[in-house]
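A.B. asks: coordinates only, sequence not included:
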């Protein structure tokens, strides 16, 4: 929801700003600066809108292709490969909340720990890099096919470790 509000507020502010620049350009036709600013701001908003409409799905697919998940008897690691790999792990003993949620008919998410509201709304949407409040959430396995089996396996590992 906050992403929708952000987009509409950006479009509204851009419209107001471009209207102001249009008035300035009409008052002083010799100055090209307001028109250049209007074009630059409009271009940035259009690029951002294209990212929200289409690009974030490519970002999400790319991240999904590069992410590896594992469950061991001691840890639950998550690795995102790349130039600067992102490696996160939780000890099985220290796991508290283990949530699961379906995604469609065949896939689901398994989340290891409590999440804040921003993390619930933005996580795994392709927008998590933009919202600072969504960063640093719990380790989660997103869009996995055997999500119920993975959840059951982790709960059994936690019970065995305690």
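C.D. replies: Sure, I can see it. The structure presented is a predicted model; accordingly, all values stated were derived computationally and were not measured.

A.B. asks: contacting residues for residue 123?
C.D. replies: 115, 134, 137, 140, 142 (C-beta atoms under 8 Å, 6 or more residues apart in numbering). For every residue, glycine as well, the C-beta is placed using N, CA and C.

A.B. asks: I'd assumed residue 114 was in a helix, is it?
C.D. replies: No. Counting by DSSP: H, G, I helix; E, B strand; the rest coil, residue 114 falls outside a helix, being coil.

A.B. asks: burial count for it?
C.D. replies: Look at residue 114: counted by other C-beta atoms under 10 Å, it has 11 neighbours.

A.B. asks: What of residue 50?
C.D. replies: Residues near residue 50, counting by other C-beta under 10 Å, number 11.

A.B. asks: So for it, what's the pLDDT?
C.D. replies: You'll see residue 50 listed with a pLDDT of 80.

A.B. asks: returning to what we had before: and of the contacts of residue 123, the nearest to residue 159?
C.D. replies: residue 140 (20.4 Å; C-beta to C-beta).
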